[in-house]
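J.: coordinates for the following, if possible.
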Amino acid sequence: MSKVYFVKNTQSDYSQIGKDALVLLKKVVSETGHRFEKEVPLKVHFGEKGNKTFIPAECYSEIINYLKEQGVSPFYIETNVLYRGSRTTSDLHIETARSHGFTQIPIIIADGDIGTDYHEIEINKDHISKCKIGKGYGKFKQFIVLSHFKGHIEAGFGGALKQLGMGFAARSGKLEQHSGISPVVRTKKCISCGICMEKCNYNAIQISDSAVIDDGKCIGCAGCIAVCPEGAIVNTWGGEHFLEKLAEYAYGAAKDKDIIYITFVHNITKDCDCSGVPMKPITSNIGILASKDPVALDTACLDLVQKNSGQKLFEKGRLTLRHAEKIGLGTMEYQLIGNVK
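T.: Predicted coordinates for the structure are as follows:
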């Protein structure tokens, strides 16, 4: 059984939410004897352009100031997204982050300019043998994973496990989780400009009447999705065992790392922060939770949301939790410790 620490906060005062998050961080540090490295990345989600319900940068300022007081150099870290949007390339991603207020500390996009920089983590699980993790993550031993608990159309919910599984994965790793196959070309949109062929490092694309991807050569890096000016190359989003693959990628991301997880159960929307549109919360705010066990943490968040709403919201994601427990990432059995000071 893992300990999950909880501070109830039903308000939308981001300054107070940040203070409560720091209380939880200090609690985990004191309870576990955690010692910080000289550099500690903060894994966050900057929110897609147009989204209004992501957890704002203000909620992280107290933690940032505390780390600096401890002689730690903090910075934000993320990877580029698989789909075409405001966070597809590192330049666009950083521009979006800055426009959303993430200006306190430097930003690292761990999988490079177009999401093709990665290193492999061997895990040999049911569906994934090697995880393609953003290369920039490899040099760090410690992370603070700051998650927003909300819905997700494919995963059921997004929380700590999704921050690991998707958030640490390079673009090719994201593609592997979603489909495990090559991207596909929408021939009616393709203008045969050849940019994708020029950018492909594996000679997997040829141009005739439209771009043609050779599945035998394609490694699924999905760089062509990022560079296509017409949005003609896309992922199919139709992969098998996605929920289990997500758990396995989370396992690979956390392997041999020392991580503190903090999750904000505020602005609980039906869809995730990747949706570039304003959304309304579907249930009331609950608070902030923290743990060293991401499985226990996500389970506690899910249970609290379902209890608070009186509905079986996001139940689909419990399959990911069960698989994560099965492969040894953590346990669904937890002790919820409230009134943390």
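
J.: need the contact partners of the helix-or-strand element of the chain with minimal mean pLDDT.
T.: Within the chain, no helix or strand scores below helix 223-227, which has a mean of 85 by mean pLDDT, DSSP states H and E. Identification of contacts with helix 223-227 by CB atoms under 8 Å, 6 or more residues apart in numbering yields 80, 82-84, 88-89, 114-116, 171, 183, 195-196, 199-201, 205, 211, 213, 233-235. C-beta coordinates here come from the backbone N, C-alpha and C atoms, glycine included.

J.: excluding chain neighbours, what is closest to residue 126?
T.: residue 244 (6.4 Å; CB to CB, 6 or more residues apart in numbering).

J.: helix, strand, or coil at that neighbour?
T.: At residue 244 the chain is in helix, as set by DSSP: H, G, I helix; E, B strand; the rest coil.

J.: restricted to helices, list the contacts of helix 223-227.
T.: 171, 195, 196, 199 (DSSP state H).

J.: please name the nearest non-neighbouring residue to the last one.
T.: Just to be clear, that refers to residue 199. residue 227 (4.8 Å).

J.: do the third one as well
T.: Take residue 196 and drop its neighbours on the chain: the residue closest to it by CB to CB, 6+ apart is residue 224, 4.1 Å away.

J.: burial check on that neighbour, number of neighbours?
T.: 26 (other CB atoms under 10 Å).

J.: same deal with residue 92?
T.: Neighbour tally, residue 92, other CB under 10 Å: 18.

J.: what's the distance between it and residue 276?
T.: Residue 92 sits 12 Å away from residue 276, going by CB to CB, to the nearest Å.

J.: same check on residue 341?
T.: 39 Å.

J.: and what of residue 247?
T.: Counting by CB to CB, the gap from residue 247 to residue 276 is 27 Å.

J.: more neighbours: the two, which one.
T.: residue 247 (32 against 15).

J.: work out for me the element the more buried one sits within.
T.: For residue 247, the host element (DSSP states H and E) is helix 242-254.

J.: for that helix, list the C-alpha coordinates in CSV.
T.: C-alpha atoms of helix 242-254 as CSV (Å, rounded to 0.1, in the frame of the first residue of the first chain):
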residue,chain,number,x,y,z
PHE,A,242,-3.6,1.7,-26.3
LEU,A,243,-4.4,1.8,-22.6
GLU,A,244,-1.9,-1.0,-21.8
LYS,A,245,0.8,0.6,-24.0
LEU,A,246,0.3,3.8,-22.2
ALA,A,247,1.0,2.0,-18.9
GLU,A,248,4.1,0.4,-20.4
TYR,A,249,5.5,3.6,-21.7
ALA,A,250,4.9,5.1,-18.2
TYR,A,251,6.9,2.3,-16.8
GLY,A,252,9.7,3.0,-19.2
ALA,A,253,9.7,6.7,-18.5
ALA,A,254,9.9,6.2,-14.7
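
J.: the helix or strand that comes right after that helix pairs with which strands?
T.: Past helix 242-254, heading to the C-terminal end, the next element that is a helix or strand (DSSP H and E) is strand 258-265. If you go by DSSP bridges, strand 258-265 pairs up with strand 142-148 (parallel), strand 287-291 (antiparallel).

J.: which of the residues in strand 258-265 are buried?
T.: For strand 258-265, a neighbour-count test (16 or more other CB atoms under 10 Å) marks 258, 259, 260, 261, 262, 263, 264, 265 as buried.

J.: got the contact list for the closest residue in space to residue 317 that isn't next to it in sequence?
T.: Distances taken as CB to CB, 6+ apart put residue 156 closest to residue 317, at 2.8 Å, once the chain neighbours are dropped. Listed by CB under 8 Å, 6+ apart, the contact set of residue 156 reads 243, 314, 315, 316, 317, 318, 319, 320.

J.: much appreciated, bye for now.
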